[in-house]
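> Just a sequence and a predicted model for now, questions to come.
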Amino acid sequence: MELLPPVGWADVATKHDLLALEDRLVARFESRFGRIDSRFGENDFRFAAIGLRFDAVDARFDAVDDRFVRLEDRMEGLDGRMERLAAEIRAQTWKLMALMVAVVGVVVAAVRL
């Protein structure tokens, strides 16, 4: 006590003063932490809403993927049809060429007579 600067007894804190300060600090911290907790609750709600939006977007992407799969299947079917059509056209061209050769042969034979 001898080393303390010269102050009056009114400047010395008592146990009662420290308890009152502790109560005020606890009340202040509880109030602030309560507000922080409510903010976290709001953020949790927002994140849940964003999660629902992402789920909806995922569902849309799944639907688009299904459409692409169906379109790919249809294109493969169309490729098969085109190949069959090309084969039929080739066969018809060969038949037409053979017919033309036969007709020219008949015309040449008729002219020689």
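Nice, thanks for sending it over. Residues are numbered from 1 along each chain as shown.
> okay, CA-based contacts and neighbour counts for the rest of this
OK.
> Find the centremost residue of the chain, please.
D58 (5.2 Å; CA atoms, centre = their mean).
> mind checking how far stretch 45-57 is from the chain centre?
From the chain centre to the centre of stretch 45-57 is a distance of 12 Å (CA atoms, centre = their mean, to the nearest Å).
> Check stretch 65-83 too.
25 Å.
> now the chain, which segments are flagged as low pLDDT?
1-11 (pLDDT under 70).
> residue ranges of the helices in it, please?
15-112 (DSSP state H).
> which residues touch stretch 90-97?
If you take CA atoms under 8 Å, 6 or more residues apart in numbering as the criterion, stretch 90-97 is touched by no other residue.
> Could I get the buried residue list for that stretch?
For stretch 90-97, burial by neighbour count (16 or more other CA atoms under 10 Å) applies to no residue.
> Can you give the distance of that stretch from its chain's centre?
53 Å.
> Check stretch 17-26 too.
On CA atoms, centre = their mean, the centre of stretch 17-26 falls 53 Å from the chain's centre.
> sorry, back to before: in contact with the residue nearest to the centre of the chain, which residues?
D58 neighbours (CA under 8 Å, 6+ apart): none.
> now it: how far from A48?
15 Å (CA to CA, to the nearest Å).
> do the same with V57
For V57, the distance to A48 - CA to CA - is 14 Å.
> same check, this time on R32
24 Å.
> what does V108 give?
Taken as CA to CA, the span from V108 to A48 is 89 Å.
> before we move on, what about V104?
V104 is 83 Å from A48, by CA to CA.
> No more questions from me, cheers.
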